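In: sequence and predicted structure below; questions after.
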Amino acid sequence: MNKEKSKKVEIEYCPQCGAPNKEDSLFCENCGHDIRKEKQPPLFNQRVGIIFGFLGVICIVLFLSS
């Protein structure tokens with residue numbers, strides 16, 4: 001007997017129409033809304049966090065060296 005393991009499919013709901021979609025869907029199967037944008041973190045926020053992190057480290061080093 002060859003039993004295949006069934007994979008559990010995660011369901012995500014479209015923020016525009018509320019229709020269920022597979023987790024790896026790029027567009028809503030019902031309305032066509034681009035749901036990739038909802039899953040991707042904004043690049044700007046990542047860069048701002050990195051910049052403030054470096055500035056914080058520089059401030060600490062300057063404070064401790066004085």
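Out: Right, received. Where do you want to start?
In: would residue 47 count as being in a strand?
Out: No: read with DSSP: H, G, I helix; E, B strand; the rest coil, residue 47 is helix and lies in no strand.
In: count of residues packed around it?
Out: For residue 47, the neighbour count with other CB atoms under 10 Å is 10. For glycine as for every other residue, the C-beta is placed from the backbone atoms N, C-alpha and C.
In: swap in residue 35?
Out: Residue 35: 19 surrounding residues under other CB under 10 Å.
In: for the protein, give me the ranges with low pLDDT.
Out: The chain contains residues with pLDDT under 70 at 1-9, 37-45.
In: hmm, 80 instead?
Out: For the chain, applying pLDDT under 80 flags the ranges 1-9, 37-47, 66.
In: helices of that one, start to end?
Out: Secondary structure of the chain by DSSP state H: the helices cover 36-39, 43-65.
In: using a markdown table, lay out those together with distance to residue 11.
Out: Formatted as a markdown table, the helices of the chain follow (distance: least, CB to CB, whole Å):
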| stretch | distance to residue 11 |
| --- | --- |
| helix 36-39 | 14 |
| helix 43-65 | 27 |
